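S.K.: kindly generate the corresponding structure for this input.
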Amino acid sequence: MKRMKRIFLGILVISLLNGCVTHSTPHNTSTLDFTIKTPANPDKYQSVTFLPFMVHKGVNINDSKFVENFSAELYARLRYDHSGVFQEISFNNKKPETGKIIVTGTIRKYRKGSYTKRSILIGLGVGLFEGEMVIKDSLNGKILLSAPFNEISLVSNNYGSKTFRNLVTDTAVAIAKTVALWKQKKITR
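M.R.: As a prediction, this is how the structure comes out:
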């Protein structure tokens, strides 16, 4: 019995040490798998605002500031990781304006899971953060682009070593990168 405890403790320590993850950057995160809903010329959009994401019915997020903080992180990611792509980047500016897009979306699944359990064995303590990001024209509300996000499209082979915070950060980096590349006409379909 003592031997089993030592083996288990050894596996746990190795798993936790293996859990040191590199931080997500615009360079090591792919874009989201998107769909162009309404073809538009990104050149005509010089400003962008981020609105808080809606939470799908039945999704329980215990952190009352999570949705607002996530949208603020998207704003910061685009502003600092992709500076110069837009002339103006704002947060929670609902005023309709010519030449402005809105980035928002819906969170469909949210579960922090257990980092410790994931570190021990993939499949245990699964965390979920899934939804859809949309880019809309601020004047007419037409959806220009939509892109689902989930942990499968965002994490690498070391999913077990990622915390829920890493998952949210990876999502923010991917969304900001997708918006920037759309504006730069580097992604089209």
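
S.K.: now the lengthiest strand in the chain: buried residues?
M.R.: Scanning the chain for the strand with the most residues, using DSSP state E, yields strand 100-111. Residues 100-105, 107-108, 110 are the ones in strand 100-111 that count as buried (16 or more other Cβ atoms under 10 Å). C-betas here are computed from N, CA, C, even on glycine.

S.K.: same thing with stretch 45-55?
M.R.: Buried residues in stretch 45-55, counted by 16+ other Cβ under 10 Å: 45-53, 55.

S.K.: check the secondary structure at residue 178 for me.
M.R.: helix (DSSP: H, G, I helix; E, B strand; the rest coil).

S.K.: that one reaches residue 184, doesn't it?
M.R.: No. The pair residue 178 / residue 184 is not scored as a contact, 11.0 Å apart, by Cβ atoms under 8 Å.

S.K.: neighbour-wise, which of those two wins?
M.R.: With neighbours defined as other Cβ atoms under 10 Å, residue 178 and residue 184 compare such that residue 178 has more, 24 against 12.

S.K.: which pLDDT value belongs to the residue most central in space within the chain?
M.R.: Within the chain, the residue whose C-alpha comes closest to the C-alpha centroid is residue 171; the distance, by Cα atoms, centre = their mean, is 1.8 Å. pLDDT recorded at residue 171 is 90.
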